[in-house]
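# Please find the sequence and the predicted model below.
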Amino acid sequence: MAIDILMPALSPTMTEGKLARWLVKVGDDVSAGDLIAEIETDKATMEVEAVDEGKVGKLLVEEGAEGVEVNAIIAVLVGEGEEAPADAGKSAPPAASPAPAAAAAPAPVAPQPLAAAPTAAMDAAEAKAYESTKEQTVRDALRDAMAEEMRRDGDVFLMGEEVAEYQGAYKVSQGLLDEFGAKRVIDTPITEHGFAGIGVGAAFDGLKPIVEFMTFNFSMQAMDHIINSAAKTLYMSGGQMGCPIVFRGPNGAAARVAAQHSQCYASWFAHVPGLIVISPYSAGDAKGLLKAAIRNPNPVIFLENELLYGQTFDVPTDEDFVTPIGRAKVLREGKDVTITAFSLMCQKALEAADILAGEGIEAEVIDLRTIRPLDTDTIVRSVQKTNRLVSVEEGWPYAGIGAELAATMMEKAFDWLDAPVVRVAGEDVPMPYAANLEQLALANADDIVAAAKAACYR
Amino acid sequence: MARAASKSGTASKAAAKPAAKRTSSRSRAKAKPSFDNDTLMQFYKDMLLIRRFEERAGQLYGMGLIGGFCHLYIGQEAVVIGMQHALDECDSVITGYRDHGHMLACGMEARGVMAELTGRKDGYSRGKGGSMHMFSREKRFFGGHGIVGAQVPLGGGLAFAAKYRETGGVSVAYFGDGASNQGQIAETMNMASLWKLPLIMVIENNKYGMGTSVNRSSAGPALHLRGDAYGIKNKKIDGMNVMTMAEECKEAVEYARTSGPVLLEAETYRYRGHSMSDPAKYRSRDEVNKMREERDPIETLREHLIKSKIVDADALKKIDADVRAVVADSAEFAQSSPEPNPSELYTDILIEA
């Protein structure tokens, strides 16, 4: 049976090319793998191999011919003792068979994010957990979360710079080495790219690493493994390769450490499908959400704040309590304006709400807690009540969380808005070192008060 | 082949000559490698499957059925087949984007690999990964990674997991001469040595990182000697000879299983361009032809099989036909499998907790 050899494409955009050279002549026997021709385009050259065996029956394109169309028949192979059919190569080139259409299906719709819908039960469970609490710093709450999860599951381990013998650069992992040993609490060299990759590889095989970045500023070195390896591989593997890993550490501005060590990464990571991004404020949420993050089968970015580590909050005593991911929390109820914030900015928002109350404005303050997936429902419900939204974040305004919230309100609460959404954010500059300039660059309670008044036309 | 789970492979493994003691490794490396006939025939068949598969992939690419990037493994077959012979079922394999050969060597089905290349629902990643991103948890093949060098720390993580869980497994991470200059590989060598991870790093030195000769990209006397800086046992191997590869890899795997990381530099060669679109201006045609004619791993083994009267030409012809049939079947399958359902667009982003 005659076999047609087609002009190959060297790239998806190639439509025609030059047949630079024939490496066989009519009558030659060829086997699979033998080189038969050389093809050229303006940017590439390739030798074409036979994929079948036979005798060269016809060469239909002259050597040196330019403008040979992709998929045109360029030669015919014939079997033993066979002649090339007279009409060989004259028929229309057999176009590559198109892919069979996928079964008829409705157009894809982005599913609602993982945030669980009916929330009353969750809120009730959370409220119940807070019936029995103890006072604890954020630092200790984070440590307890890790320790409890490590006791519960032998696959959980902690790795990072200074997490073991030094007891944590910010003392978050204090005592863990003593309890769990060097096998599970691992000091790494100062090489984020490499150890993040090792963590992700271990997670691909089912371990549950907690990778501590001394601060998230250094996660930039590991960005490729966070985004390309951890976040995307589940999708690229058709669901085979889960990556249960937590990247955690302090995020945002510390104090007087200048631009490279002071910035908020919330919107960077929130941009990426395949990641969960959490940024708690209180110690109770730090503990409950870190436990949830460690148990979650997906890669989780857990953004802490150095300035909060030493602050004390009420933390549920029940070790089984886990804060649900994807749920915002109303920190203060109000009817006049909604203020959203996360991490340290919740504190500033609460301060602002106190000031606003003194001026007759009742602000509702919402702690986002999870940045991705965002609890849009809770925010929309609040805006339906207050008709105004002020978004507060420490990071830069451009393409920030506030920009996302403003767009979300346009899409989901446009008819409820009585005023444009107002963004409060860090100034759009690298963080300066000088004390006065640093203060100018950061958002504070007064900025939030001014924004809320603007939203209320006051 | 241990991991392709072929019956002959398993039998031949048991019958293979027991390894000499480590003290005699030098003389052993020089001694003529000794494999039973079944094993040699399996090597031939496995290498030929990769060769024919890649040629067919090239053809389907030429027909516009495979999109994007497509990096063929033609010429390098002995590296992965030799290494795979040394591995057990508990071992893990990970590589970069020139990965079709590694998947076939791990025993992944030609149909599933080809259907992924054509972006169809029956591909290993359900059409969502493509040439550079395929995986099989069952075969412990962990990809298929598109970012140069990323697979090496990931492979270090697989070795970490094996050690953590005390499975006795090793992890093999393949990368190219181009990737060997990546910082993350130095970082991984450092940690693998510090923590004695059962990691075998295999540099497939095919002499060009894309179009840049290794001599123009890489300082120092030899890539494998970079292991010395980290106290990592290292060796250069003839990657064009499957028997040499299999012998040396066996020794490396035994060492890694008990003692820590190994860095191997397999000297090999790719006949085809870096990807399908390649200017072919950075090396001479003579250089490529000389390699094909004098060092081809499949031809070398074929000659050995015939000369040693292990097999006659007819028997090899039969193997050739069998392999071609598997590849033709995979190509047909890859064209008849449907594209993924549109609803797949939003699946596999996060696992439902």
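All right, it came through fine.
# Go ahead and list the helix or strand containing the residue nearest the centre of chain B.
Chain B has residue B:80 as the residue nearest its centroid, 3.3 Å off, counting by Cα atoms, centre = their mean. Counting by DSSP states H and E, the element that carries residue B:80 is helix B:77-85.
# what's the domain layout of chain A?
A:3-78, A:131-316, A:329-455 (automatic domain parsing).
# most neighbours per residue, which of the ones you listed?
domain A:131-316 (a mean of 22; mean count of other Cβ atoms under 10 Å in any protein chain shown). Yep, even glycine has a C-beta here, placed from its N, CA and C like the rest.
# Show me what residue of the stretch 101-250 of chain B gets nearest to chain A.
Going by Cβ to the nearest Cβ, chain A is nearest to residue B:157 of the stretch 101-250 of chain B, at 2.0 Å.
# and the next element down the chain from the helix or strand harbouring that residue?
Assigning secondary structure by DSSP H and E places residue B:157 in helix B:151-165. Later in the chain than helix B:151-165, the nearest helix or strand by DSSP H and E is strand B:171-176.
# gap between stretch A:299-317 and the chain center?
21 Å (Cα atoms, centre = their mean, to the nearest Å).
# Check the model's average confidence along it for me.
Mean pLDDT, stretch A:299-317: 97.
# before we move on, what about stretch A:240-260?
On average, stretch A:240-260 scores 95.
# What is the neighbour count of residue B:81?
31 (other Cβ atoms under 10 Å in any protein chain shown).
# gap between it and residue A:180?
Per Cβ to Cβ, to the nearest Å, residue B:81 is found 42 Å from residue A:180.
# So residue A:211 belongs to a helix, correct?
No. Under DSSP: H, G, I helix; E, B strand; the rest coil, residue A:211 sits outside any helix and is assigned strand.
# Not counting sequence-adjacent ones, nearest residue to it?
Nearest non-adjacent residue to residue A:211, counting by Cβ to Cβ, 6 or more residues apart in numbering or on different chains: residue A:199, 4.3 Å away.
# name the helices or strands packed onto the helix or strand where the one you found lies?
Using DSSP H and E, residue A:199 sits in helix A:192-204. Secondary-structure packing of helix A:192-204 (3 or more Cβ pairs under 8 Å, 6 or more residues apart in numbering or on different chains; DSSP states H and E): strand A:156-160, strand A:208-212, helix B:151-165, helix B:183-194.
# Of these, which is nearest residue A:342?
strand A:208-212 (20.2 Å; Cβ to Cβ).
# Give the partner strands of that closest one in its sheet and their orientations.
With DSSP bridges as the test, strand A:208-212 is paired with strand A:156-160 (parallel), strand A:246-250 (parallel).
# what's the helix or strand just after the first one packed up against?
Meaning strand A:156-160. For strand A:156-160, the following helix or strand on the C-terminal side (DSSP H and E) is helix A:176-180. When contacts are defined as 3+ Cβ pairs under 8 Å, 6+ apart, helix A:176-180 packs onto helix A:138-152, strand A:156-160.
# re earlier: for the residue nearest to residue A:211, list the residues it contacts.
Going by Cβ atoms under 8 Å, 6 or more residues apart in numbering or on different chains, residue A:199 touches A:159, A:209, A:211, A:225, A:245, A:247, B:157.
# what does residue A:61 give?
A:7, A:19, A:68, A:72, A:74-75.
# Surely residue A:277 is in contact with residue A:368?
No. The pair residue A:277 / residue A:368 is not scored as a contact, 9.9 Å apart, by Cβ atoms under 8 Å.
# Show the residue spans covered by the strands in the stretch 151-300 of chain B.
With strands called from DSSP state E, counting those that start in this stretch, the stretch 151-300 of chain B shows them at B:171-176, B:199-205, B:208-209, B:212-213, B:233-238, B:262-267.
# average pLDDT for the longest one?
Confidence over strand B:199-205 (mean pLDDT, whole number) is 98.
# And it, what does it pack against?
The contact analysis (3+ Cβ pairs under 8 Å, 6+ apart) places strand B:199-205 against helix B:77-85, helix B:151-165, strand B:171-176, helix B:183-194, helix B:242-259, strand B:262-267.
# Now the closest residue to residue A:70 other than its chain neighbours. Its backbone dihedrals?
In space, and not counting its chain neighbours, residue A:70 is closest to residue A:9: 4.5 Å by Cβ to Cβ, 6+ apart. The phi/psi pair for residue A:9 (degrees, to the nearest 10) reads phi -90, psi 140.
# Name all residues that make contact with residue A:9.
With contacts defined as Cβ under 8 Å, 6+ apart, residue A:9 is in contact with A:15, A:17, A:70-71, B:61-64.
# rewinding a little: for the residue of the stretch 101-250 of chain B closest to chain A, list the residues it contacts.
A:197-205.
# ranges for the helices of chain B?
B:7-15, B:25-30, B:37-62, B:77-85, B:100-105, B:110-117, B:151-165, B:183-194, B:214-217, B:242-259, B:285-295, B:297-307, B:313-336 (DSSP state H).
# can you redo those helices as CSV with mean pLDDT?
As requested, the helices of chain B are exported to CSV (pLDDT from 0 to 100):
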stretch, mean pLDDT
helix B:7-15, 39
helix B:25-30, 44
helix B:37-62, 96
helix B:77-85, 98
helix B:100-105, 98
helix B:110-117, 98
helix B:151-165, 98
helix B:183-194, 98
helix B:214-217, 94
helix B:242-259, 98
helix B:285-295, 94
helix B:297-307, 97
helix B:313-336, 96
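# Which among those is found nearest to residue A:364?
With Cβ to Cβ as the criterion, residue A:364 lies closest to helix B:151-165 of these, at 44.4 Å.
# buried sites along that closest one?
By neighbour count on 16 or more other Cβ atoms under 10 Å in any protein chain shown, the buried set for helix B:151-165 is B:151-165.
# Up against chain A, what does the stretch 201-350 of chain B have?
Taking Cβ under 8 Å from any Cβ of the partner chain as the criterion, the stretch 201-350 of chain B approaches chain A at residues B:272-273, B:276-281, B:320, B:324, B:327, B:335-350.
# Out of those residues, which end up buried?
Using 16+ other Cβ under 10 Å, the buried members of those are B:272-273, B:276-278, B:280, B:320, B:324, B:327, B:335, B:337, B:339-341, B:344, B:347-350.
# how about the helix holding residue A:199 as CSV, C-alpha atoms only?
The C-alpha trace of helix A:192-204 is given here as CSV (Å, rounded to 0.1, in the frame of the first residue of the first chain):
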residue,chain,number,x,y,z
GLU,A,192,15.0,29.5,49.5
HIS,A,193,14.8,28.4,45.9
GLY,A,194,16.3,25.1,46.7
PHE,A,195,14.5,24.3,49.9
ALA,A,196,11.2,25.4,48.6
GLY,A,197,11.7,23.0,45.8
ILE,A,198,12.6,20.2,48.1
GLY,A,199,9.5,20.9,50.2
VAL,A,200,7.3,20.9,47.1
GLY,A,201,8.9,17.6,45.9
ALA,A,202,8.2,16.0,49.3
ALA,A,203,4.6,17.2,49.1
PHE,A,204,4.2,15.7,45.7
